[in-house]
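Asker: below: sequence and its predicted model.
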Number of protein chains: 2
Amino acid sequence: MRDDLSIHFAVVGAGLAGSLLAVYLAGQGHRVDVYERRADPRVAPPDEGRSINLGLSARGIGALRKAGLWDAVRTHTVPMRGRYVHPREGRPFFHPYGRDPGEILHSIRRDALSRTLVEHAEKLQGVRFFFGTPVTAIDRDAPSFRAGGETVTPDVIVGADGAFSAVRAELLRGRPADFRQEFLPWGYKELHLPYTERLEALHVWPGDQGLMVAHPNVDGSLTCTLFMDHHDLARPDLAAFVKSVLPAADLPDLAGQLARNPVGHLVTVRTSKWHEDGRAVLIGDACHAVYPFYGQGMNSAFEDCVVLAECVEARPDDLGAAFAAYQRRRKPHTDVLADLSADNFLELRDRLRSPLHLARKQVDTVLSRLLPDMWRPLYTMVSHTTMPYGEALRRARKQDRIVRAGGMTAAVGLAAALLWRRDRRHPK
Amino acid sequence: MRDDLSIHFAVVGAGLAGSLLAVYLAGQGHRVDVYERRADPRVAPPDEGRSINLGLSARGIGALRKAGLWDAVRTHTVPMRGRYVHPREGRPFFHPYGRDPGEILHSIRRDALSRTLVEHAEKLQGVRFFFGTPVTAIDRDAPSFRAGGETVTPDVIVGADGAFSAVRAELLRGRPADFRQEFLPWGYKELHLPYTERLEALHVWPGDQGLMVAHPNVDGSLTCTLFMDHHDLARPDLAAFVKSVLPAADLPDLAGQLARNPVGHLVTVRTSKWHEDGRAVLIGDACHAVYPFYGQGMNSAFEDCVVLAECVEARPDDLGAAFAAYQRRRKPHTDVLADLSADNFLELRDRLRSPLHLARKQVDTVLSRLLPDMWRPLYTMVSHTTMPYGEALRRARKQDRIVRAGGMTAAVGLAAALLWRRDRRHPK
């Protein structure tokens, strides 16, 4: 029951989004109980082999900074200033993310980020965590659920329980709501690479039969994610196949690592029902799981926390209106992110080989150097700004139309000529 | 357990597809128990206000004929030889479905068809119906479920339990399978119209804010289905709104009927998982619910029964292979049907008003009269043949390309001229 306008939130899932939301809501004076079926990340061994490492970008950093958490998180990060591409043949090369030194990503291990968030949230008044406590028998009407042998009856249930959310399933049950889940034919395996040289970059081994990315860790090692068709991941000769497909990826004990680590699935989830009449609401993967190929899953989940907290703060007396406003503000943009993330898989797999596509990227780069205030590549807007995803896409499409209307070859030639002249006038 | 190659099927859902499948499987000597949570349709009062009446077309009739049921069913049908269109203004007009007298649909009440199927199936050796018996605790691995206070352990569970199938939910649980459900923003209400004049036609009241269709019943009355945006169906002044939107639809006690009858939802369902390793399989709406605007939901469900029975007959020793073959043969075509059904909603709502669209339809009609063996409108192929849906769409697209390449105006002119000459040469 509510005391003044202090609301009792029960958050299902103490993952990244659930923990950060607890910080925001506690900051508004609300009571927040967070239930998590897994063990406390501060005592449990890290869940090896299952966590794609994370790249914090402007959106996620903004949300952490707003919660006063960025300084604590930052100590666990390694900056990634661009991509270090390992082609199938030839020497590896470095490609910076952006023009500005600020246009970088920050690599962090999921468990390190999770521990930092929980540690901080638990110190706040009104926040309690219940680890090793699965939630069952969720009732969207009461609202209530069973946890730890008791019936919990909060004011609001928050579903922060991931792509296969049980809270979402209860909101959708028997309801005329649109729902869609799509699995990529490719899955992934996590691999480890002790590295001698510390490089501040996201490593990429591109390929159309398999591709690998690697995030740097603070200890100088790399956490690699191998993406490959599920049929290939099930091959008995997987290690030999990986070596043939990605000859530039030289991993120690490859066969052993491949045999030990589980196969992960990649899913896109969309639902038209994000909330239930002021009594339940979803955040993060629970309402919009995306493929990891744009590196925006966690960043967009953190944006959810900011927007949901703003909406609750604006209408604590009418949570139905608050949650509806939250969905209206977020869903159009997370829908765009789902499309962009699926599209970026095709880019990594197929398009990086197309000369026309690479020429188009070059035009973008050149134009953004010539017209820094007017022209920004889509990747820059998604990864290095907090511009809503839908707005970023709209601008990128407009830029595309300009390039196409002008004729790509002419644009490339003109831009290159101009750039060449400018560089000559302002020698570095 | 199997005795020889007699298989024990437990069908969940004694609707139209479940009952027809029981006939087919019993015909192969298998044991079939059919569980249905609703009451026996032969003793229960008809479920007024909820059943869009049905139009049996070539596909459904073929399946019934093959099961030896068409003669029994036919006595309950009224032929529909075309559409009787009631425009907003002006006199109603009749538009035949096809060139041939055989190109007609057969209107039947859902409850009459259901009773006939159950009656026939129950007489067959090996078939048992359990009405008023909900199925719970489905286990796809055993396979097993609870029903009537007992645990049932068949060889195969058949999910014939409709668009919100519990069997499907169990097959999808925790699985990397694609799934999608989409609700139309429009819903429906069933209405009744005692009619004086017996017309062998599907009545249509077209409109972009609401449209109504009506199926003739054997007693001369019409069962009408009013389709309208859910927002409008919730209006307090709904009766007045219906009268303003569909002035040509003159229904007795409209306000009373609208108040009494529930609002129905329209859903498209797609799933990539139609079966579970020889132990469970889905048919009809459970694996491919479609909007009703092409009148093919039941007809395609009956086609499922034919194909599934053929696959079981071909591989009774390897049901995993049989069910995989069934999905391979059916899913590409039911996917096409889902698209066609959604598209036909737009046709009824918007396109029937477009002169260009109507001209294109006219070209189709004229060309199909000139070239009866080569040219058939898409509607004809879907509704009056048993050509797989995907094949029908492929041919229709080819025809479209020809018309577009030739230039529509030229084609209309030429075809009309040719037709005019032919008609002059062969006066009727």
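Answerer: It's in.

Asker: now for the helix or strand hosting A:Met381, which elements pack on it?
Answerer: Secondary structure assignment for A:Met381, by DSSP states H and E: helix A:378-384. Packing partners of helix A:378-384 (3 or more CB pairs under 8 Å, 6 or more residues apart in numbering or on different chains; DSSP states H and E): helix A:319-349, helix A:389-406. Every C-beta, even on glycine, is put in place using the N, C-alpha and C of the backbone.

Asker: helix A:389-406 and the first one, what's the angle between them?
Answerer: Using axes from the mean of the first three to the mean of the last three CA atoms, to 10 degrees, one finds that helix A:319-349 and helix A:389-406 are set 40 degrees apart in direction.

Asker: what are the buried residues along stretch A:335-348?
Answerer: For stretch A:335-348, the neighbour count (16 or more other CB atoms under 10 Å in any protein chain shown) marks A:336-338, A:340-342, A:344-345, A:347-348 as buried.

Asker: for chain A, what lies in contact range of chain B?
Answerer: Residues of chain A lying close to chain B by CB under 8 Å from any CB of the partner chain are A:164, A:174, A:176-183, A:265, A:267.

Asker: among those, which one sits closest to B:Arg37?
Answerer: A:Gly174 (14.1 Å; CB to CB).

Asker: before we move on, what SS does the closest one have?
Answerer: Following DSSP: H, G, I helix; E, B strand; the rest coil, A:Gly174 is assigned to coil.

Asker: so what pLDDT did it get?
Answerer: In this model, A:Gly174 is scored at 85, pLDDT.

Asker: gap between the residue lying closest to it once chain neighbours are set aside and A:Leu172?
Answerer: Among residues not flanking A:Gly174 along the chain, B:Phe164 sits closest, at 6.9 Å (CB to CB, 6 or more residues apart in numbering or on different chains). Distance from B:Phe164 to A:Leu172, counting by CB to CB, to the nearest Å: 11 Å.

Asker: show me what A:Phe93 is bridged to.
Answerer: With DSSP bridges as the criterion, A:Phe93 is bridged to A:Val85.

Asker: ok, it - contacts?
Answerer: Counting by CB atoms under 8 Å, 6 or more residues apart in numbering or on different chains, A:Phe93 makes contact with A:84-85, A:87.

Asker: from those residues, which is closest to chain B?
Answerer: Compare each of these with chain B using CB to the nearest CB and the shortest gap goes to A:Val85, at 29.8 Å.

Asker: isn't that closest one up against A:Ala201?
Answerer: No: the criterion here is CB atoms under 8 Å, and A:Val85 misses it with A:Ala201 at 9.1 Å.

Asker: ok, the nearest residue to A:Phe345 once chain neighbours are set aside to B:Val363 distance?
Answerer: Spatial nearest neighbour of A:Phe345, chain neighbours left out: A:Phe293 (4.4 Å); criterion: CB to CB, 6+ apart. Per CB to CB, A:Phe293 is found 45 Å from B:Val363.

Asker: pLDDT weak spots in chain A?
Answerer: A:1-4, A:46-52, A:196, A:351-360, A:362, A:372-373, A:406-428 (pLDDT under 70).

Asker: roughly how far does the residue lying closest to A:Asp304 once chain neighbours are set aside sit from A:Val11?
Answerer: The spatially closest residue to A:Asp304, leaving aside those adjacent along the chain, is A:Ile283, at 4.4 Å (CB to CB, 6+ apart). In this view, A:Ile283 and A:Val11 are 9 Å apart by CB to CB.

Asker: shared neighbours of these two, anything?
Answerer: The contact sets of A:Ile283 and A:Val11 overlap at A:18, A:21, A:158, A:160 (CB under 8 Å, 6+ apart).

Asker: looks like A:Ser272 contacts A:Arg175 (just checking).
Answerer: No: A:Ser272 is not in contact with A:Arg175 according to CB under 8 Å; the separation is 9.3 Å.

Asker: with just CA atoms, put the helix holding A:Met381 into PDB.
Answerer: C-alpha atoms of helix A:378-384 as PDB (Å, rounded to 0.1, in the frame of the first residue of the first chain):
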ATOM      1  CA  LEU A 378      24.300   6.600 -38.600                       C
ATOM      2  CA  TYR A 379      26.800   4.600 -36.500                       C
ATOM      3  CA  THR A 380      28.100   7.800 -34.900                       C
ATOM      4  CA  MET A 381      24.600   9.000 -34.100                       C
ATOM      5  CA  VAL A 382      23.600   5.600 -32.600                       C
ATOM      6  CA  SER A 383      26.800   4.900 -30.600                       C
ATOM      7  CA  HIS A 384      28.100   8.300 -29.700                       C
END
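
Asker: the helix or strand A:Gln257 falls within: what's the following helix or strand?
Answerer: Using DSSP H and E, A:Gln257 sits within helix A:254-260. Going down the chain from helix A:254-260, the next helix or strand is strand A:267-271, by DSSP H and E.

Asker: helices or strands up against that following strand?
Answerer: Judged by 3+ CB pairs under 8 Å, 6+ apart, the packing partners of strand A:267-271 are helix A:166-172, strand A:179-183, helix A:285-288, helix A:319-349.

Asker: redo that, cut-off 6 Å
Answerer: Judged by 3 or more CB pairs under 6 Å, 6 or more residues apart in numbering or on different chains; DSSP states H and E, the packing partners of strand A:267-271 are strand A:179-183.

Asker: how far off strand B:267-271 does the strand it packs on point, in degrees?
Answerer: Going by the same axes, to 10 degrees, strand A:179-183 makes 20 degrees with strand B:267-271.

Asker: sorry, back to before: for the residue nearest to A:Asp304, grab the count of nearby residues.
Answerer: Counted with other CB atoms under 10 Å in any protein chain shown, the neighbours of A:Ile283 add up to 31.

Asker: how distant is stretch A:18-37 from the center of its chain?
Answerer: Counting by CA atoms, centre = their mean, to the nearest Å, stretch A:18-37 is centred 20 Å from the centre of its parent chain.

Asker: show me the contact partners of it.
Answerer: Stretch A:18-37 is contacted from outside by A:6-12, A:14, A:67, A:117-118, A:121, A:124, A:126-131, A:133-135, A:147, A:160, A:302, A:305, A:309, A:313, using CB atoms under 6 Å, 6 or more residues apart in numbering or on different chains.
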